[in-house]
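Participant: Model the structure of this input:
(6 chains)
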Protein chains: 4
Amino acid sequence: MRNCHSPSSERRQQFMDAAIELASQRGYEGATIKLIAEKCNVTVGTIYHYFKNKEDLFRQAVQERAFTSILATLLNDIDELPIEKGLFLVAQGFLKVIREAGMLVSIFISESVHNHEIGTIYADMISQNRQMMQAYLDKKIHTGQLGAIDTAVAVQIFFGHFFMAYFHKELLKMDNLPDIDETFVLNSVNLFLRSWQQEGTHV
Amino acid sequence: MRNCHSPSSERRQQFMDAAIELASQRGYEGATIKLIAEKCNVTVGTIYHYFKNKEDLFRQAVQERAFTSILATLLNDIDELPIEKGLFLVAQGFLKVIREAGMLVSIFISESVHNHEIGTIYADMISQNRQMMQAYLDKKIHTGQLGAIDTAVAVQIFFGHFFMAYFHKELLKMDNLPDIDETFVLNSVNLFLRSWQQEGTHV
Amino acid sequence: MRNCHSPSSERRQQFMDAAIELASQRGYEGATIKLIAEKCNVTVGTIYHYFKNKEDLFRQAVQERAFTSILATLLNDIDELPIEKGLFLVAQGFLKVIREAGMLVSIFISESVHNHEIGTIYADMISQNRQMMQAYLDKKIHTGQLGAIDTAVAVQIFFGHFFMAYFHKELLKMDNLPDIDETFVLNSVNLFLRSWQQEGTHV
Amino acid sequence: MRNCHSPSSERRQQFMDAAIELASQRGYEGATIKLIAEKCNVTVGTIYHYFKNKEDLFRQAVQERAFTSILATLLNDIDELPIEKGLFLVAQGFLKVIREAGMLVSIFISESVHNHEIGTIYADMISQNRQMMQAYLDKKIHTGQLGAIDTAVAVQIFFGHFFMAYFHKELLKMDNLPDIDETFVLNSVNLFLRSWQQEGTHV
DNA sequence: AATGAATGAGTATTCATTCAT
DNA sequence: AATGAATGAATACTCATTCAT
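Facilitator: Next comes the predicted model:
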């Protein structure tokens, strides 16, 4: 008995999926209503039966697909593990999520700068993830597994690194960069946790 | 004696500046030729007197403004300094450069994904900077100032962090993030060089 | 139940008619989409709802209106008649057809030289007509009504003459030329069939 | 001491040549002032120094190149020859002239329909040639070499045939047509002079 | 719910022409 | 005589959106 405006209507989902896929390939402007309609084998009018306008379609599509809660589960699972293992698993989980949401990542990256609405959704998502992660690190300092580091900056370093690595290697296909595999994640975590300087060199 | 096609013609520069500025605010598609012309108080035809087409205008504008050589000078200047001071100065220099080229950074970020040409220019620039920085770090390992770290990944971490910090804080204006000032850079460099773990904790 | 892309849609026909008429008056370039739209009291967008682009509109319009089969019927009808009568009727029929398709003739003449697509359509049409006519003449040689003439050249002379006469007199309005009426056709057929030379003069 | 507006200025000629050549390849609209200027290694402004506007340039170019007097000389030369030989030489001469003026022929054909000015120049040229040829044929009737044919129509047949043959074969490159060589001309003249009907068949 | 015809404002691009130098 | 920067109007084409059916 659910009508076309119900958020869970199958048709609605289909339109939003098509919109996201096309926008990830061709940008927001390149994802025209006509293309979205064709991809779903309907006519343009039908899209407007489900969404007020193009902006409405995209706002809802992006919002519904933004990933947040996965990190919460993940951080809960690893709570007891040693920090190396924990960070390794968080990094792996983070990469898995952004790989799966690859199309969304493209849109966030390219639209956030100019589209304030999408920028806000992106910023909120980032912010939530950051806070959870920071809480995790703070706890690890409390339990003595980490030194008295600036966790706000540490979180930025952590997510920033894996995000950029993914962006450059897998979105922009820069091929003279290392593959983002288990080794890469291990090396990265090591570089975070251990001193870059010679042991004993730093004060 | 210089004609309109000379790259150093003042008018050309004016058009390219306007193009970059508008595109940084509204994206490539949003930076219409008409807007660019109006900003420069000429008619659209005039733009086409100087550039073959919109793509040509942007290719030249972006290419001419891409920042590369600054890092070379910088790395040369800090060659003799201790690693902490060196990394601090490189980070400061890097931030200064991307701040000055802020509009260009917006364009790179938002266009690289869909515009292959701009993607290539961006990738080349990144690649050059990475190589120079990696050579610097390798040398520091040789001289014993750094441990035997994976410099390829270290370089990614280093630039990735400052780039993302700038992107989030100064482009997307996420205000619950720390200001990117001297303290922030110092903290970041410390987090790179020193172990995140308690002294003596790691093997 | 027929949609806009059905070739028999009334609107489509209207657009194609307007396109042909305007092009016959002002040439292909002069027949702008805006003019065609105005002539049909619609906006430019509507034209593009029916045709992919200007070339598509004209290709379909020209192709659909190209006259070929009329000659086949005609030649069949006159099969039994004496050759003088037959050629007279074919000439009359040919003139009737190109008069009715007058606008199309203008387009063929003026566009064939530079527009390869239209050139091909025109050439094909000419070629088909020529072949049918040549078969007719060959048959007349067989039955002894014509001498052993070069029918390929005879066909060129026949159609070429009436076409040029129409072109000069009725398209270019050269008024010091004879009217293209029954007498003209009779005279022409006589000049083909009978010797230009004095009877008995030629070997 | 001749200035730039003197009709015989070398520059003027160069511009008109370029205009005709480009228009024969791309049509009047396709022959832009910029292209003409480039072909002559000058800038657009220079063209306007020599001609009032584009129309002026083309009017003068076409008028100056129209071929008329050649036929007069030719007809004079063949006055004494037998009619077969005479018509053969006129046809050869006519083909030579339109081949040499091929670019002009393209322009006449494609522009005469829509461009009244060029249409007039073309019509005048045709008319003069026709009158001379008709006088020649009338004389041949007087001397008894030709029967009492309608020379106005005969002239149309004669020139019309060779013109169409040239247009189809050499301008439109219809390749299933006979080559326009000596044999073709001979065959054509024979078909004019001799009866298409079996000897003795016609009354 | 769905169609698809129609709109109107916009976009890149072209081009004949002018004019100060 | 020649330049080339500048104009402004035009051109093909696109697209989000509306609406009668």
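Participant: near chain C, which residues of chain A?
Facilitator: Within chain A, no position is near chain C by C-beta under 8 Å from any C-beta of the partner chain. To be clear about C-beta, it is placed using only N, CA and C from the backbone, and glycine gets the same treatment.
Participant: Work out for me the element residue A:57 sits within.
Facilitator: Residue A:57 is located in helix A:54-65, with elements delineated by DSSP states H and E.
Participant: what about the residue lying closest to residue A:197 once chain neighbours are set aside, how many neighbours?
Facilitator: Distance criterion C-beta to C-beta, 6 or more residues apart in numbering or on different chains; nearest residue to residue A:197, sequence neighbours excluded, is residue B:193 at 5.3 Å. Residues within reach of residue B:193, counting by other C-beta atoms under 10 Å in any protein chain shown, total 18.
Participant: Which pLDDT value belongs to residue B:193?
Facilitator: Note on residue B:193: pLDDT of 92.
Participant: and it, how far is that from chain D?
Facilitator: 62 Å (C-beta to the nearest C-beta, to the nearest Å).
Participant: thinking again about what came up before, return the set of buried residues in the helix holding residue A:57.
Facilitator: Within helix A:54-65, the residues scored as buried using 16 or more other C-beta atoms under 10 Å in any protein chain shown are A:54, A:57-62.
Participant: from these, which is closest to residue D:33?
Facilitator: Checking the buried residues of helix A:54-65 against residue D:33 with C-beta to C-beta, the nearest one is residue A:54 at 42.7 Å.
Participant: and the closest one, what pLDDT?
Facilitator: 96.
Participant: again with residue A:28
Facilitator: So, for residue A:28, pLDDT stands at 94.
Participant: helix or strand for it, which one?
Facilitator: With DSSP H and E as the test, residue A:28 turns up in helix A:10-30.
Participant: in that helix, what's buried?
Facilitator: Neighbour-count burial for helix A:10-30 flags A:12, A:14-20, A:22-24, A:27-28 (criterion: 16+ other C-beta under 10 Å).
Participant: Chain A: helices as residue ranges?
Facilitator: In chain A, helices defined by DSSP state H lie at A:10-30, A:33-39, A:44-50, A:54-65, A:69-77, A:83-100, A:102-112, A:116-142, A:151-166, A:182-193, listed in chain order.
Participant: weakest of these by average pLDDT?
Facilitator: Among the helices of chain A, helix A:69-77 scores lowest, at a mean of 87.
Participant: Return the list of helices and strands in contact with that helix.
Facilitator: Judged by 3 or more C-beta pairs under 8 Å, 6 or more residues apart in numbering or on different chains; DSSP states H and E, the packing partners of helix A:69-77 are helix A:83-100, helix A:116-142.
Participant: what's that helix in contact with?
Facilitator: A:89-90, A:93-94, A:97, A:129, A:132-133, A:136 (C-beta atoms under 8 Å, 6 or more residues apart in numbering or on different chains).
Participant: re the thing from before, can you tell me what sits against the helix holding residue A:57?
Facilitator: With C-beta under 8 Å, 6+ apart as the criterion, helix A:54-65 contacts A:7, A:15-17, A:19-20, A:23, A:28, A:33, A:36, A:47, A:50-51, A:101, A:104, A:107-108, A:117-118, A:121.
Participant: From the chain's centroid, how far away is the helix holding residue A:28?
Facilitator: For helix A:10-30, the separation from the chain centroid amounts to 17 Å (computed by C-alpha atoms, centre = their mean, to the nearest Å).
Participant: cool, and stretch A:147-154?
Facilitator: With C-alpha atoms, centre = their mean, you get 22 Å for stretch A:147-154.
Participant: Repeat that for stretch A:100-118.
Facilitator: 10 Å.
Participant: List of residues touching it?
Facilitator: Contacts of stretch A:100-118 (C-beta under 8 Å, 6+ apart): A:20-21, A:23-25, A:27-28, A:55, A:58-59, A:62, A:65-67, A:98, A:119, A:121-123, A:166-167, A:170-171, B:24-27, B:30, B:106, B:109-114, B:171-172.
Participant: does that stretch come close to DNA strand E?
Facilitator: No - using C-beta under 7 Å from any atom of the strand, stretch A:100-118 stays clear of DNA strand E, with a minimum separation of 13.6 Å.
Participant: That'll do, ta.
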